[in-house]
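> Build the 3D model from these lines:
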Amino acid sequence: MDKNYWESYYAQQNAIMIQSPFAEYVAKNLIAICNSLIDLGCGNGRDAIYFANVIKMY
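Just a heads-up that it's a prediction; the model follows:
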């Protein structure tokens, strides 16, 4: 699988763009303590977008 495959895959998806329960847990329990985060996951970026907005609050 290559870049074109994934670009096509996500272009055709009606991806859910709300954060995952895991992202909520991390934000609630870890970001306030650490005040930084690296998202090395895969997917459509929904949690990365959520984390970017949450970190702005701290």
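> Spell out the residue ranges of the helices in this protein.
Using DSSP state H, the helices of the chain run over residues 3-12, 21-26, 32-34, 46-56.
> Now the third one: buried residues?
By neighbour count on 16 or more other C-beta atoms under 10 Å, the buried set for helix 32-34 is empty. All C-beta atoms are positioned from the backbone trio N, CA, C, and that covers glycine.
> Counting neighbours, what do you get for residue 16?
Number of residues near residue 16 (other C-beta atoms under 10 Å) recorded here: 9.
> With the one 4 residues further on instead?
Applying other C-beta under 10 Å, we find 14 other residues in the vicinity of residue 20.
> if I pick the residue most central in space within the chain, what's in contact with it?
Note on the chain: the residue nearest the mean C-alpha position is residue 47, at 1.8 Å, using C-alpha atoms, centre = their mean. Listed by C-beta atoms under 8 Å, 6 or more residues apart in numbering, the contact set of residue 47 reads 19, 20, 22, 23, 39, 41.
> Excluding chain neighbours, give the residue nearest to the fifth one in space.
Counting by C-beta to C-beta, 6 or more residues apart in numbering, residue 39 lies nearest to residue 48, which is 4.5 Å off, once chain neighbours are set aside.
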